[in-house]
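[1] Need a 3D model of the sequence below.
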Amino acid sequence: MHAFEPSSCTFACLSEALAGESVDLNQAALRDRSGSATLHAVAPGAGTNSPHRPHRPPAGSATGEVPTTTLDAHAAQAGLRQFALVKIDTEGHDLAVLRGARELLADRRISVAQFE
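    Coordinates of the predicted model:
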C-alpha cells in the first residue's frame with residue numbers, strides 16, 4: 001500500500017496508526033504536477049482540509065505549502081507497474097489527481113479507481 005497525506009498532523013496520526021505495517025507513507029499531496037501547493041487546514045486532522053480555500057474559513061484555520069507529486073511520477077520512482085485500487089479522497093481535487101495519473105490510466109495500469 002502507498003498512502004499520501006499532505007497535512008502534517010494527519011500524517012503523524014497515520015504514521016502512528018500504521019507503525020510496523022508494510023506501507024509506503026508519503027507526506028505529500030497528489031495532483032497533476034510535482035512541486036508544491038497550498039493546503040487550507042480547517043483544523044488539525046480535519047477530514048475537510050483541502051487545496052481549495054473554504055468559503056468562510058473558521059477561526060483557527062491555517063494555510064501552508066505542501067510538497068506535491070503525481071501518481072505517474074510516484075509509480076515510476078517506486079517501480080510500480082500495476083495498481084489494483086487507487087482510492088482518491090481529496091476534497092474536490094480528484095480531477096487533478098486523475099490528470100497526474102494520465103499515463104497509468106492510458107496504459108490501463110489502474111484496475112479500479114474509487115472516489116470519496
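[2] make it CA atoms for all contacts and neighbour counts henceforth
    Fine.
[3] In the chain, which helix is the longest?
    helix 8-17 (DSSP state H).
[4] how about that helix: buried residues?
    T10, F11, S15 (16 or more other Cα atoms under 10 Å).
[5] Between the residues you listed, which sits nearest L104?
    F11 (25.5 Å; Cα to Cα).
[6] which residue sits closest to the closest one in space, ignoring its chain neighbours?
    Nearest-residue entry for F11: E5, 5.6 Å, with adjacent residues in sequence omitted and distances by Cα to Cα, 6 or more residues apart in numbering.
[7] isn't that neighbour right next to R31, touching?
    No: at 11.9 Å, E5 and R31 do not qualify as touching, with contact defined as Cα atoms under 8 Å.
[8] What segments of the protein are strands?
    Along the chain, the segments classed as strands by DSSP state E run 2-4, 24-26, 29-30, 35-41, 62-69, 86-88, 113-115.
[9] which of those strands sits most buried?
    Most buried of the strands of the chain by mean neighbour count (mean count of other Cα atoms under 10 Å) is strand 29-30; its value is a mean of 28.
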